[in-house]
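J.: just the structure for this:
(2 chains)
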Amino acid sequence: MKLITKLLLLTCGALVTGATGTVPVLAKESVKLAFIGPLSGGNSAPGIGGRNSTQLAVQLRNADPTAKYTYELVTFDDECKPNIGIQVATKAASDRSIIAAVTHYCSAVGIATVDTYARFGLPVVVWGAILPEITYGNDYHEIHRVNGTMINEGKLAAEFLTKQGFLKYVVVHDTTDYGKGQNKYFSEYLKLAGGEIVATFPVSPDQQDFTAELTKIKELKPDLIMVGGLTPLGVRLRAQMDRVGVTAQLAGVSGIMNAGFLEGAGAAAEGTISFHNGAPISKYEQGQAFLDAYAKAGFREDPDAYGPFAYSAANLIMDAIEKVGPDRAKVKDLLNTTKAYKSLVGEINFDDHRQNILRANVYVAQDGKWVYWPDSEYSAGKRKLRLN
Amino acid sequence: MDLGIVAQQVFNGLMLGVIYSMIAVGFSLFFGVLDVIKFSHGDVVTLGSFSALGAAGVSGALFALPPALALLAGLSAAVGAGALAGIVIGRVLVIPLRGAPSINVLLATLMAGTVLREAIRLGVPNGGNPKPFPALLPSGMIKAGSFSVGIDSVIILCAGLLLVVGTHLLVTRTRFGLSIRAVAQDDEVARLAGIDQQRVVLGTFALGSGLAAFAGCMLGLYYREISFNMGVLLGIIGFASAVVGGLGSLIGPIIGGFLFAGVQTLVVVAMPISSAYRDVVAFAVIIILIALFPTGMIAEQRSDRV
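T.: Next up, the predicted model:
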C-alpha cells in the first residue's frame, strides 16, 4: 500500500515538473510541541508572556529554510492550579504526536506533574517554576529546567538584604509548595547571614484582606517584609501596607518580578526589591534581537521576566529534534547531555539533575520599571530604601 | 497587647464585616423574593469595581475631574453596571427558569458569573493582572498612640453602614419595599393585589446587584487594588454569611457578615502562625452555627421574609 502511495506521489511530481518546468518543494514533516503555563487567572500575565515567547521561537524556526521540520505549537492552560496542571499534562503526554513540551511557570504545578511526564516518557523543559524539587527531588530524565531555582534566589536575597542593613524580618508566604519552599530557603540562608525572622505568616494564595496580618506586623516593627508568593499576594500586601501604617521595606523573589506587580501596586511599588535568576534582557547578547522580533510579531502582551527562558527552552527542544528527529526517547537523551548550549539567556549547562546552572540577580522597582540593581539610583545612593 | 493595636484590629474586622454584609444582603433579597441563589453575585462585585475603575479613570483623564467628581462618576458607573447586570440575569436566566428545578437556576447563575469574570479578564487590557485603584477619597490618617486609621477607611466604613441601613429602610418603609415583601410572602396574593410581579423581581435584582457593585467600588477604594477573580471567594463568603444569619431576613446577613469577619480577624490575632487557617476556622464556625440554627440565626419563622 505504501509503495503504491509513493508511486502515485512520484507520478504526480513528475507531471507537475513536466507542466511547469520547476522542481516541486516537498512539504516538511510537521512536529508538535506543547506549551503549558497559566493562561488564565491571577498569574496569566507571565504565562501569556511565556506562551508568546515560545510561539515566537516556533514562528522563527518555521521561517528558517534550513529547518528540517515544520513545528506546530499546542498550548495548554494549567491555570496555575496543580489539579488542572495534572489534567493538561496527562493530555499532552498521552498525545504521542507531541514530541516534547515547554512546561510550567508555577512551582506548585511543576512539582505535581513531574511523575506524569516521566510515566509517559515526554521530555519537558521547565521555563519558569523555581522550586528546587522539580529537578532535584527526583531522578526523572524527562525533566529539564533552563531557569534557576529558589535556592539561588533565596541565598542571594538573604546575603544582599542583610548587607543593606535589614536585620529584623517578617516572612509572609503562601501555603503552596512554592511559598513554603521560599520560606524554607530564605530562612535557612538568612540565619547564616545574621538576620532574624520575628514572625512568619503562612497565608492562602487567594486571600484578599491582609489588614489583620499587617496590623500584627506593625506591632512587631520589622525592617523588612519578605513575600514568599506570586504577583497577586505581592500586590495585595504592598497595596495594604500603607493603609495600616506599616513602613517596612518590601522584598520578594522572582514570583513578584513582573509587569503585573508594577501595574497592580502602582506608585506604591517604588523601591520594592526582587531577586531573579535571569539577567536583564538587554544584558544578553541576543536580547535586542529577541525584543525586536517579539515586537515585530505583534503580540499584545509583554514577554515578561520569564519569556526569554520559555523562548530558550523551545529553541533547545527544536534544536534537539533537528539533530535526532521527532522521537521522544532520543530527544530526551540528547537534552540530558546539554552542555555549553548558546541560548538567549546565555550558555545552558545541565548538571546531573538536568538543572541549568545560573546565578541570581538583584532588581529594584524604580519609576514603574524593574531596574537591574547595579544600574539603579538606589544603588547609586540617589534614592533610599525604606530602612526604619 | 497594646490597646491601640486592639482598636485597629477591631476596625479591620468592622471594615471586612461591612463589605461582607453588603454582599450578603443581596443574597437575602434574591432568596426572599424568588427563592433563588444567584451565584454570579460575587462576580457582580468585580463588575462594579472594574466599572468604577473605568469610569473614574476615563472621566479623570478626559475631563481632569477633581477626585470627588471622579468618585461620583465611578460610583454611578458601578451601581449602574451592577443594576443592569442584575436585571439582565434576572430577566434572561432567572424568570424564564422559575418553574424549573432550583439547581438549574443555581447552575445558570454560576455560569453567568464565569462569563462575567472571563469577559473582564479578556476585555480589560492585561485583564489577568491585578489593577491599581485610584485614591479618590481624602488622604490623611487619624492617629491615637499606636492606632492609626486612614480618613478614607472611616468614610468607606460609614458609607457601607449607611447603605446597609438605607437598604433596610427601603425594604421596610417604602412602597417598593412593601411590594418586595408582598411578593416574598405570597406572590399569588401579591399579583391579585395588583402588584406587577415581574417589575418587583427585576427591581429586587437591580437593587441587590447594585448593592454588590457598590461594595465592589468600596473594595477598590479600600484595598487600592482589584483583580478579575476577586469576587469568587467574596461571593462564597457573602453566601455563607447570608445563610448563617438567616436568608429570609435582612438583619441576618448583616449579623452573618460581621460574624464571619470577626472570626477571621480573631484567628489572625490569636494565632498568627495559623493565619492560613482563617477561612477554614471561619467556615467551620459557620458549619457549626448552621447545625445549631438550621434556618439561620434570625430564624425565618420569627421574622418577616425580606
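J.: excluding chain neighbours, what is closest to the residue most central in space within chain A?
T.: For chain A, A:Gly128 is the residue whose C-alpha lies nearest the centre (Cα atoms, centre = their mean; 1.8 Å). Using Cβ to Cβ, 6 or more residues apart in numbering or on different chains and skipping residues adjacent in sequence, the residue nearest A:Gly128 is A:Tyr105, 3.6 Å away. Just so you know, the C-beta spots here come from the backbone N, C-alpha and C atoms, and that holds for glycine as well.
J.: and the one you found, that's in a strand?
T.: No. Counting by DSSP: H, G, I helix; E, B strand; the rest coil, A:Tyr105 is not part of a strand but coil.
J.: for chain B, see how far away it is.
T.: Using Cβ to the nearest Cβ, to the nearest Å, we find A:Tyr105 at a distance of 12 Å from chain B.
J.: ok, that residue touching A:Pro38?
T.: Yes. Using Cβ atoms under 8 Å, A:Tyr105 makes contact with A:Pro38 at a distance of 5.7 Å.
J.: who has more neighbours, the two?
T.: Taking other Cβ atoms under 10 Å in any protein chain shown, A:Tyr105 and A:Pro38 do not tie; A:Tyr105 has more neighbours (34 against 28).
J.: and the more buried one, what does it touch?
T.: By Cβ atoms under 8 Å, 6 or more residues apart in numbering or on different chains, the contact list for A:Tyr105 reads A:Gly37, A:Pro38, A:Asn43, A:Pro46, A:Gly47, A:Gly50, A:Cys80, A:Trp127, A:Gly128, A:Ala129, A:Tyr306.
J.: sort out for me which of the residues you listed are in strands.
T.: Counting by DSSP state E, those place A:Gly37 in strands.
J.: just give me the least confident of the contacts of A:Tyr105.
T.: Across these, the smallest pLDDT goes to A:Asn43, namely 80.
J.: ok, that one touching A:Pro232?
T.: Yes. If you go by Cβ under 8 Å, A:Asn43 and A:Pro232 touch, sitting 7.5 Å apart.
J.: distance of A:Glu301 relative to chain B?
T.: 7 Å.
J.: and for A:Glu263?
T.: Noted for A:Glu263: a distance of 5 Å to chain B, by Cβ to the nearest Cβ.
J.: in space, what's closest to that residue - neighbours in sequence excluded?
T.: B:Asn129 (5.3 Å).
J.: and that neighbour, how many residues sit next to it?
T.: 28.
J.: same question for the one 3 residues further on.
T.: Here the count is done by other Cβ under 10 Å, and B:Pro132 has 22 residues near it.
J.: one step back: in helices only, show me the contacts of A:Tyr105.
T.: A:Pro46, A:Gly47, A:Gly50 (DSSP state H).
J.: re the thing from before, intersection of neighbour lists for A:Tyr105 and A:Pro38?
T.: Common contacts of A:Tyr105 and A:Pro38 (Cβ under 8 Å, 6+ apart): A:Pro46, A:Gly47, A:Cys80.
J.: by neighbours, which of the residues you listed wins?
T.: A:Pro46 (33 neighbours).
J.: quick revisit: ok, which of the shared contacts of A:Tyr105 and A:Pro38 also contact chain B?
T.: Taking Cβ under 8 Å from any Cβ of the partner chain as the test, chain B is in contact with A:Gly47 out of the shared contacts of A:Tyr105 and A:Pro38.
J.: closest one to chain B out of the shared contacts of A:Tyr105 and A:Pro38, please.
T.: Within those, the smallest distance to chain B is 7.9 Å, found for A:Gly47 (Cβ to the nearest Cβ).
J.: dihedrals phi and psi, the closest residue to that closest one other than its chain neighbours?
T.: Nearest non-adjacent residue to A:Gly47, counting by Cβ to Cβ, 6+ apart: A:Pro38, 3.6 Å away. Main-chain dihedrals, A:Pro38, degrees, to the nearest 10: phi -80, psi 110.
J.: who are the neighbours in contact with A:Pro38?
T.: A:Ser44, A:Pro46, A:Gly47, A:Asp77, A:Asp78, A:Glu79, A:Cys80, A:Tyr105, A:Cys106, A:Val109.
J.: quick check, nearest of the residues you listed to B:Arg121?
T.: Taking Cβ to Cβ as the measure, B:Arg121 lies nearest A:Ser44 of these, at 7.4 Å.
J.: the residue lying closest to the closest one once chain neighbours are set aside: neighbour count?
T.: In space, and not counting its chain neighbours, A:Ser44 is closest to B:Gly128: 3.2 Å by Cβ to Cβ, 6+ apart. When neighbours are counted by other Cβ under 10 Å, B:Gly128 registers 25.
J.: can you check A:Lys283 too?
T.: 12.
J.: list the contacts for A:Leu73?
T.: The contact partners of A:Leu73, taken as Cβ under 8 Å, 6+ apart, are A:Lys32, A:Leu33, A:Ala34, A:Phe35, A:Thr54, A:Gln55, A:Val58.
J.: pull the longest helix from chain B.
T.: Criterion DSSP H: the longest helix present in chain B is helix B:3-34.
J.: state the distance from A:Gln286 to A:Asp292.
T.: Applying Cβ to Cβ, to the nearest Å, the value for A:Gln286 to A:Asp292 is 10 Å.
J.: where does chain B dip in pLDDT?
T.: The model of chain B has pLDDT under 70 over residues B:1, B:299-306.
J.: quick one: the strands in it?
T.: B:131-132, B:141-144, B:147-150, B:225-226.
J.: among those strands, which comes closest to B:Gln9?
T.: Of the strands of chain B, nearest to B:Gln9 by Cβ to Cβ is strand B:147-150, at 9.8 Å.
J.: for the closest one, packing partners?
T.: Of the remaining helices and strands, those touching strand B:147-150 by 3 or more Cβ pairs under 8 Å, 6 or more residues apart in numbering or on different chains; DSSP states H and E are helix B:3-34, strand B:141-144.
J.: please name every helix or strand in contact with the shortest one.
T.: Just to be clear, that refers to strand B:141-144. Looks like strand B:141-144 contacts strand B:147-150, helix B:151-173 (3+ Cβ pairs under 8 Å, 6+ apart).
J.: out of these, deepest packed?
T.: Comparing those by mean neighbour count (mean count of other Cβ atoms under 10 Å in any protein chain shown), strand B:147-150 comes out on top with a mean of 20.
J.: contact partners of that strand?
T.: With Cβ under 8 Å, 6+ apart, strand B:147-150 has contacts from A:243-245, B:3-5, B:7-8, B:11, B:139-142.
J.: do the same with stretch B:172-186
T.: With Cβ under 8 Å, 6+ apart as the test, stretch B:172-186 has contacts from B:29, B:32-33, B:170-171, B:189-190, B:193, B:195, B:197, B:200-201, B:203-204, B:250, B:304-306.
J.: and what of stretch A:48-65?
T.: A:33, A:35, A:37, A:39, A:67, A:70-73, A:75, A:102, A:105, A:127-128, A:258, A:290, A:293-294, A:297, A:299, A:301-311, A:313-315, A:318, B:128.
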